[in-house]
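Enquirer: after the sequence you'll find the predicted model.
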There are 2 protein chains.
Amino acid sequence: MTEKENNEDSEKLQAQLQRVIALLSKYKLLQGFVNLQDEIDEALADSSIQKESLDELRQLIDKLHPADIAHILEALPLDDRLFIWGMVKPENDGEVLLEASDAVRETLITDMGLHELVAAAEQLDADEIADLAPDLPQDVMEDVFRSLPIAEREQLRAAMSYPEDSVGALMDFDVITVREDVRLEVVLRYLRRLEELPDHTDQLFVVDRGEHLKGVLLISKILVSDPEVRVGDVMSKEMITLHPGDNAQDAAYAFERYDLVSASIVDKDRKLLGRVTVDAVIDFIREKTESEALSLAGLREEEDLFAPVLKSVQNRWVWLAINLVTAFVASRVIGLFEDSIEKLVALAALMPIIAGIGGNSGNQTITMIVRALALGQINSGGAWKLIRKEVGVSIVNGLIWGAVVGLFTFAIYQNVELGLVMMLAMLLNLLLAALLGVLIPMTLRKLGRDPALGSSVMITAVTDSGGFFIFLSLATLFLL
Amino acid sequence: MTEKENNEDSEKLQAQLQRVIALLSKYKLLQGFVNLQDEIDEALADSSIQKESLDELRQLIDKLHPADIAHILEALPLDDRLFIWGMVKPENDGEVLLEASDAVRETLITDMGLHELVAAAEQLDADEIADLAPDLPQDVMEDVFRSLPIAEREQLRAAMSYPEDSVGALMDFDVITVREDVRLEVVLRYLRRLEELPDHTDQLFVVDRGEHLKGVLLISKILVSDPEVRVGDVMSKEMITLHPGDNAQDAAYAFERYDLVSASIVDKDRKLLGRVTVDAVIDFIREKTESEALSLAGLREEEDLFAPVLKSVQNRWVWLAINLVTAFVASRVIGLFEDSIEKLVALAALMPIIAGIGGNSGNQTITMIVRALALGQINSGGAWKLIRKEVGVSIVNGLIWGAVVGLFTFAIYQNVELGLVMMLAMLLNLLLAALLGVLIPMTLRKLGRDPALGSSVMITAVTDSGGFFIFLSLATLFLL
């Protein structure tokens, strides 16, 4: 990466992608041409012009940042992807695998041999190997494990032992520690002996002989302080310390709230285990919000854009199956009222309006509540206030939209009673949506479940079946 | 914040919130008691026990980080919120306003006088004032403007001139610049003269006399290098430079991809304007993903959890109105087939199944495509491949789920033809969902619109009305 190439970053990335594609198709075109020629003239087989275009492509790829290579691989269909993957320098393999999305990583790993994989993993730090571990074949992991020095083996074992959404899973082991009683001058001399500092080193960790954390020494403090003072005099005892078992989401909020670059991780006895850095936190936030967005839409996991059809079907079937069940239930609710519909067929045309708007309104409520729960803004005392407010909103909405649908109904069917039933049904279904929009996520939370998961399906199921039932039973009572 | 208090961060935050609430209700209880006593004995009015509980509350709040105070204010109903807000030390006012969500900030600002607001704003940097500016009354901004030194006035004017989603809006002006030809020793001496470095200073910017950016000098490089070498010899020319007009989202991706802590912002002539730091990027990512999640659920903006009912109604009505229109259209589509439904009332009970599953499947496709568009992974050549894939998925799903609903229909109505029509309708509606799930977001993008906005409403509208039409017209053709 030269300076110039990073200007206008995103356009540049697009341009790089376009250029890879252009070179690739030029190469493929030439190859097709050569294959054609093959039959005529063997000597032309490795035509120099074809080689040239391949060299150009290879040079381009060699210059790219591993994260950019991963991005380009994700944007390419499988055959092109593997062709480019084969051109990546072996020493970049590990980094590219780390940066690629889970689904794309899988396609890359499948294409690699045992030795290639072991070599790729060995270039990485213990915490990075742990991130790849779930995707690597068992025998690769065993080979990698054996090849590591003892200290890193321990780190790898530790890193792999933490659950996915814990602080431990974000931990890295690259910490610089100093003692409280040395002078800054000594620290400076010590640092100068290192060839480079670990990335994102904004602070050194001050520990005692037993590796217990005593404080942190900010790099900027080292720079602005007199070299003669002791670490203990300028170190800060105000610091965020995390435990490996802490929820990673809470750690992310701490980084956000206190604008951190790194934070220490200690065990129960305050022994320093490692640290979390802001780049891991950003990746975590992005992955978390993305997997929430995907699961909201009913996709089990991030999907390779060019995944084979059957793989996509697998990724999507659970959601469709669940929704089909709720649709069957709603259908049977309507089935109960077939006599009424036969007598007044307008009901069939009107009932989806009640169900649909109820679902929209319920999802608005549930989104607010889920968000507030995630931020820890709802305490038990507040629940009643929230229900009161949501019920208030639904009554106002019910009156407004009830009147609108009532008028719509009257305009089309010239039937005042039918319009009034529509209005009442709308009001009641919005009330139902508001109540359950608060109660469903709060109950899930109380049961120890994630309120973000499934809330939306549940509220839609309730407002569909409930909406049909409310409307059709009111119609049966008052109109027939 | 003492060290201990930051342990187990999130629980601590919850505990702080609980303690504020407890102290608050104790105080209110005592006040009620005092008011009662008031009529009996005036002398008891400022009972010392009441004062004590108030002092305890004030001490607790004084110790809190501004971000934590903002969090607590967001979790409190309006009257309690304003009571606590009155206890916050004036020198923290500006920071708390910055940290609070837009909706809550509005309630706090409404409660403040002109002088308080001016004083609060004056504690902040120019770029921070610019963040608050849209919420501040005109006369406050004029006063603040007059009170600033000329250089900061210019900065404030610049910061306010950039559109919300641009890199300029994330800019801060706290940069340390050095010259290429000085030795590191001189840089170290210069830094030592500063009392502290700006937050998130991981690099100094190397500029010439005209403030043109020549390179960056990493702080860690200063620490590990020989003090005798010159800046030019250890500075890095490989760096990310942003422009104030760049898309903030793209800058965020660059931070994520290249693990940055800060990046320079330059103008067209490479003159250094300021920098972006990772904390601003995290806040941006969080706000962006949140506003997307909210708009997906039909909430116009972040809502104060305890907003008055009418304010919430305003925040939600647009979405409900749009959905009502699409529901009316779907209802009229059904209306076209009232004769058919009258003859075979089972159609009324079955039609929501076709529409519902079509909507789910379409939203799965659209979520994938919108995400891939945002990441720049779809190029024009790939579009056909994607359509082919999604159509493939929908055919497989159509056959599977079509068979399931066909069997369900047969089991309930003992009618083979009806089952076959259900199956065919399901297949066709899923095909429609797949085609439009790709075409809608890609067309929006081509028209220069944000594909994330409105895609979901549009696909649901199409699969609802389309599903009803497909099913009912097939039924009319083959069954009646």
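Expert: Now that the structure is in, tell me what you want to look at.

Enquirer: tell me, how many neighbours does the closest residue to chain B within the stretch 101-250 of chain A end up with?
Expert: Closest contact between the stretch 101-250 of chain A and chain B, by C-beta to the nearest C-beta, is at A:Asp250 (3.5 Å). (Each C-beta comes from the backbone N, C-alpha and C, glycine too.) Neighbour count for A:Asp250, taken as other C-beta atoms under 10 Å in any protein chain shown: 19.

Enquirer: what helix or strand is it on?
Expert: If you go by DSSP states H and E, A:Asp250 is part of helix A:248-258.

Enquirer: what is that helix packed up against?
Expert: strand A:262-266, helix A:278-296, helix B:9-38, helix B:66-74, helix B:278-296 (3 or more C-beta pairs under 8 Å, 6 or more residues apart in numbering or on different chains; DSSP states H and E).

Enquirer: quick one: contacts of that helix?
Expert: For helix A:248-258, contacts defined as C-beta atoms under 8 Å, 6 or more residues apart in numbering or on different chains pick out A:165-167, A:169-170, A:240, A:242, A:260, A:263, A:276, A:278, A:281, A:284-285, A:288, A:374-375, B:9-10, B:65, B:67-68, B:71, B:99, B:279, B:282-283, B:286.

Enquirer: just the strands in chain A please.
Expert: Secondary structure of chain A, counting by DSSP state E: strands at A:177-178, A:203-207, A:213-218, A:241-242, A:262-266, A:272-277.

Enquirer: rounded mean pLDDT for stretch A:191-210, please.
Expert: When pLDDT is averaged over stretch A:191-210, the result is 93.

Enquirer: which residues are contacting that stretch?
Expert: Outside of stretch A:191-210, the residues within contact range by C-beta under 8 Å, 6+ apart are A:172, A:174-180, A:187, A:213-220, A:222, A:231-232, A:235, A:261-262, A:264, A:271-272, A:275, A:277-279, B:200, B:202, B:220-221, B:223-226, B:259, B:261.

Enquirer: among those, which ones are buried?
Expert: A:172, A:174-176, A:178, A:187, A:213-220, A:222, A:231, A:235, A:261-262, A:264, A:272, A:275, A:277-279, B:200, B:202, B:220-221, B:223-225, B:259, B:261 (16 or more other C-beta atoms under 10 Å in any protein chain shown).

Enquirer: need the helices and strands packed on helix A:248-258 in JSON lines (columns: mean pLDDT and distance to B:Ala133).
Expert: Formatted as JSON lines, the helices and strands packed on helix A:248-258 follow (pLDDT from 0 to 100; distance: least, C-beta to C-beta, whole Å):
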{"stretch": "strand A:262-266", "mean pLDDT": "96", "distance to B:Ala133": "32"}
{"stretch": "helix A:278-296", "mean pLDDT": "89", "distance to B:Ala133": "27"}
{"stretch": "helix B:9-38", "mean pLDDT": "69", "distance to B:Ala133": "29"}
{"stretch": "helix B:66-74", "mean pLDDT": "91", "distance to B:Ala133": "18"}
{"stretch": "helix B:278-296", "mean pLDDT": "89", "distance to B:Ala133": "16"}
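
Enquirer: what count of nearby residues applies to A:Glu290?
Expert: Using other C-beta under 10 Å, A:Glu290 has 16 neighbouring residues.

Enquirer: again, but for A:Ala158
Expert: Using other C-beta under 10 Å, the number of residues around A:Ala158 comes to 18.

Enquirer: show me the contacts for it.
Expert: Residues near A:Ala158 by C-beta under 8 Å, 6+ apart: A:168, A:273.

Enquirer: from A:Ala151, how far out is it?
Expert: 11 Å (C-beta to C-beta, to the nearest Å).

Enquirer: how much space between the closest residue to A:Asp172 other than its chain neighbours and B:Ala15?
Expert: Spatial nearest neighbour of A:Asp172, excluding adjacent residues (C-beta to C-beta, 6 or more residues apart in numbering or on different chains): A:Asp127 at 4.7 Å. Distance, A:Asp127 to B:Ala15, using C-beta to C-beta: 31 Å.

Enquirer: more neighbours, those two?
Expert: The residue with more neighbours, out of A:Asp127 and B:Ala15, is A:Asp127; 22 against 12, by other C-beta under 10 Å.

Enquirer: surely that one touches A:Tyr162?
Expert: No. Look at A:Asp127 against A:Tyr162 with C-beta atoms under 8 Å: they stay out of range, at 10.1 Å.

Enquirer: what touches both of these two?
Expert: A:Met171.

Enquirer: where in the stretch 251-400 of chain A is pLDDT low?
Expert: Confidence mapping of the stretch 251-400 of chain A against pLDDT under 70 gives the ranges A:380-381.

Enquirer: please enumerate the helices of it.
Expert: Here the stretch 251-400 of chain A has its helices, by DSSP state H, counting those that start in this stretch, at A:278-296, A:309-336, A:338-343, A:346-374, A:380-413.

Enquirer: most tightly surrounded among these?
Expert: helix A:346-374 (a mean of 26; mean count of other C-beta atoms under 10 Å in any protein chain shown).

Enquirer: can you give me the angle it makes with helix A:278-296?
Expert: 160 degrees (axes from the mean of the first three to the mean of the last three C-alpha atoms, to 10 degrees).

Enquirer: helix A:346-374 close to chain B?
Expert: Yes. Helix A:346-374 reaches chain B (C-beta under 8 Å from any C-beta of the partner chain) through A:346-353, A:355-357, A:360-361, A:363-364, A:366-368, A:371-372.

Enquirer: same check on stretch A:413-424?
Expert: No. Stretch A:413-424 does not reach chain B (C-beta under 8 Å from any C-beta); its nearest approach is 9.3 Å.

Enquirer: buried sites along that stretch?
Expert: Applying 16+ other C-beta under 10 Å to stretch A:413-424 flags A:413, A:418-424 as buried.

Enquirer: out of those, which sit inside helices?
Expert: A:413, A:418-424 (DSSP state H).

Enquirer: and which of those is nearest chain B?
Expert: A:Tyr413 (9.3 Å).

Enquirer: what separation do you get for that closest one and A:Val405?
Expert: From A:Tyr413 to A:Val405 the distance is 12 Å (C-beta to C-beta).

Enquirer: over to A:Gly419?
Expert: Taking C-beta to C-beta, one finds A:Gly419 at 8 Å from A:Val405.

Enquirer: circling back to that earlier point, just send the helices of the stretch 251-400 of chain A back as a markdown table, with distance to B:Ala452 too.
Expert: What follows is those, written out as a markdown table (distance: least, C-beta to C-beta, whole Å):
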| stretch | distance to B:Ala452 |
| --- | --- |
| helix A:278-296 | 10 |
| helix A:309-336 | 20 |
| helix A:338-343 | 39 |
| helix A:346-374 | 15 |
| helix A:380-413 | 25 |
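
Enquirer: so which of these gets nearest B:Val396?
Expert: helix A:309-336 (5.1 Å; C-beta to C-beta).

Enquirer: surely A:Ala475 meets A:Val421?
Expert: Yes. If you go by C-beta under 8 Å, A:Ala475 and A:Val421 touch, sitting 5.3 Å apart.

Enquirer: share the number of residues neighbouring the nearest residue to A:Ile285 once chain neighbours are set aside, please.
Expert: Distance criterion C-beta to C-beta, 6+ apart; nearest residue to A:Ile285, sequence neighbours excluded, is A:Ala252 at 5.4 Å. Counted by other C-beta under 10 Å, the residues lying close to A:Ala252 total 22.

Enquirer: before we move on, what about A:Thr110?
Expert: Neighbour tally, A:Thr110, other C-beta under 10 Å: 10.

Enquirer: what's the answer for the one 4 residues further on, then?
Expert: The local packing count at A:Leu114 equals 11, with neighbours defined by other C-beta under 10 Å.

Enquirer: what's the answer for the one 10 residues further on, then?
Expert: Other residues near A:Leu124 number 19, with proximity taken as other C-beta under 10 Å.

Enquirer: cool, and A:Ala151?
Expert: Neighbour count of A:Ala151, defined by other C-beta under 10 Å: 10.

Enquirer: return the distance of stretch A:382-390 from the chain's centre.
Expert: Here stretch A:382-390 is found 31 Å from its chain centre; the criterion is C-alpha atoms, centre = their mean, to the nearest Å.

Enquirer: sorry, slip of the keys, the one I care about is stretch A:417-432.
Expert: Centre to centre, stretch against its chain (C-alpha atoms, centre = their mean), the figure for stretch A:417-432 is 40 Å.
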